[in-house]
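Student: kindly generate the corresponding structure for this input.
(one chain, ligands or ions: 1)
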Amino acid sequence: MGRKILIAGNWKMNGLLADGTNLAKGVAEAAKKLGKPQCEFLVCPPFTLLTSVKKALRGAKVALGAQDCHFAEKGAHTGDISPVMLKDCGCQYVILGHSERRANHGESSELVNVKAQAAHAQGLKTIICVGETLAERDEGRALEVCTTQILDSVPESSTWQDTVIAYEPVWAIGTGKIPTTADVEEVHKAIRKTLAKKLGKSNANRMRILYGGSVKPNNAKELLSLEDVDGALIGGASLKVEDFLGIAQNAGVC
Ligand code: 13P
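Tutor: Modelled structure (predicted):
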């Protein structure tokens, strides 16, 4: 279907001015040497580093994203950051509904949906995250949980151009454990089927579905060669230039 592979780094709550800027410079340099047209790089640093990382990425084909946003444009929302502010910092992407936000901040799929609409209205692309817990997988509910999260979190007006999905099994995040390739492919296929029902076949076939959860250079090839896996959302391994770019290289797509 010619979907462009997205190699995305979610830095989470990591990075100070000096090391964050250095990391971004390293990614920028390395991406210049790789960078096939069918591959896109993205880094999502914490809010505090967006402006300096944007500068460090100048001239490189690496997109900038944030890790969350509020649904309002501005106003009395202490501690929050709006989609307009993200655009102003040079962001093209925003991650929404990460399981750490769902768990630590009680974010519901309905809230993620409203945030996504607000982000799209400002021209930001969203990476909407879904994924089951270990208990849900053990109960045989992984597909049901992920498809319900898709139905509730993805706005009806979404298109393949403004939305990326990330399947991140909660139990695979930061644990070194990954599902079998058959399980990954099963969930990705179910997600695409659900997207087809909600957004139409053409959008579903072109929309990218990333896998996230303990992606490393040594397992990237296996994961990224799956038919319905269109890239990776990388946590820990995105904090080291050689690991982040190693994932892209080992996947043989960039
Ligand atoms: P790890 O790659 O550290 O498992 O984190 C994955 C993740 O949560 C990316 O959003």
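
Student: if I look at the closest residue in space to Gly231 that isn't next to it in sequence, how far off is Gly65?
Tutor: Leaving aside its sequence neighbours, Gly231 sits nearest to Leu6 (CB to CB, 6 or more residues apart in numbering; 3.6 Å). To be clear about C-beta, it is placed using only N, CA and C from the backbone, and glycine gets the same treatment. As judged by CB to CB, to the nearest Å, Leu6 and Gly65 stand 10 Å apart.

Student: same thing with Lys201?
Tutor: 27 Å.

Student: so these two - more neighbours on which side?
Tutor: Neighbours per residue (other CB atoms under 10 Å) separate Lys201 from Gly65, with Gly65 holding more: 24 against 12.

Student: what about the more buried one, distance to the ligand?
Tutor: 11 Å (CB to the nearest ligand atom, to the nearest Å).

Student: now do Val145
Tutor: From Val145 to the ligand the distance is 17 Å (CB to the nearest ligand atom).

Student: so what touches the helix or strand hosting that residue?
Tutor: Assigned by DSSP states H and E, Val145 falls within helix 142-153. With contacts defined as CB atoms under 8 Å, 6 or more residues apart in numbering, helix 142-153 is touched by 96-97, 108-110, 112-113, 116, 128, 130-133, 136, 165, 167, 169, 183, 186-187, 190-191, 193-195, 198.

Student: thinking again about what came up before, any common contacting residues for Leu6 and Gly65?
Tutor: Common neighbours of Leu6 and Gly65 (CB under 8 Å, 6+ apart) are Leu42.
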